[in-house]
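Enquirer: Sequence first, predicted model second:
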Amino acid sequence: MIEVHHEKVWFSGCVQGVGFRYTTMQVAREFEVTGIVANLSDGRVELEAEGNARVVEAFIKAVEERLHGHIRKVERASGKRPAQFNDFRIQ
């Protein structure tokens, strides 16, 4: 299997109930990325994105820029792994 760049991002702040996941999905359509965005029970939003490392980085930066007024803290973890997503969706 071909490995892809994988990034997991956790956003804290006023990130639930403000259209964060929907906006993230709209931004994802502008990039060649796959993955998911989901609300967590602790009030954070988790984003997983796969694809070319530069494209994934640009996608995450675009999400941060588009939603900067809602984000207080960003935590990230990245690596390589076999692709696990076929599209980008809200969970």
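Expert: Looks like it arrived, so ask away.

Enquirer: From here on, just use CA atoms for contacts and neighbour counts.
Expert: Will do.

Enquirer: To what extent is Asp42 buried, counted in neighbours?
Expert: The tally of other residues near Asp42 (other CA atoms under 10 Å) stands at 7.

Enquirer: Could you say which helix or strand holds the most centrally placed residue in the chain?
Expert: Central residue of the chain (CA atoms, centre = their mean): Leu47, 3.3 Å from the mean position. Taking DSSP states H and E as the criterion, the element that holds Leu47 is strand 45-51.

Enquirer: how far away is the residue nearest to the residue nearest to the centre of the chain when sequence neighbours are not counted from Met1?
Expert: Taking CA to CA, 6 or more residues apart in numbering, and ignoring the residues beside it in sequence, Leu47 has Val37 as its nearest neighbour in space, at 4.4 Å. According to CA to CA, to the nearest Å, Val37 stands 24 Å off from Met1.

Enquirer: what's the answer for Glu48, then?
Expert: Distance, Glu48 to Met1, using CA to CA: 19 Å.

Enquirer: Which one of these two is surrounded by more residues?
Expert: Glu48 (22 against 6).

Enquirer: Skipping adjacent residues, who's closest to the more buried one in space?
Expert: Lys8 (4.5 Å).

Enquirer: give me the beta-bridge partners of that neighbour?
Expert: Per DSSP bridges, the residues bridged to Lys8 are Glu48, Ala77.
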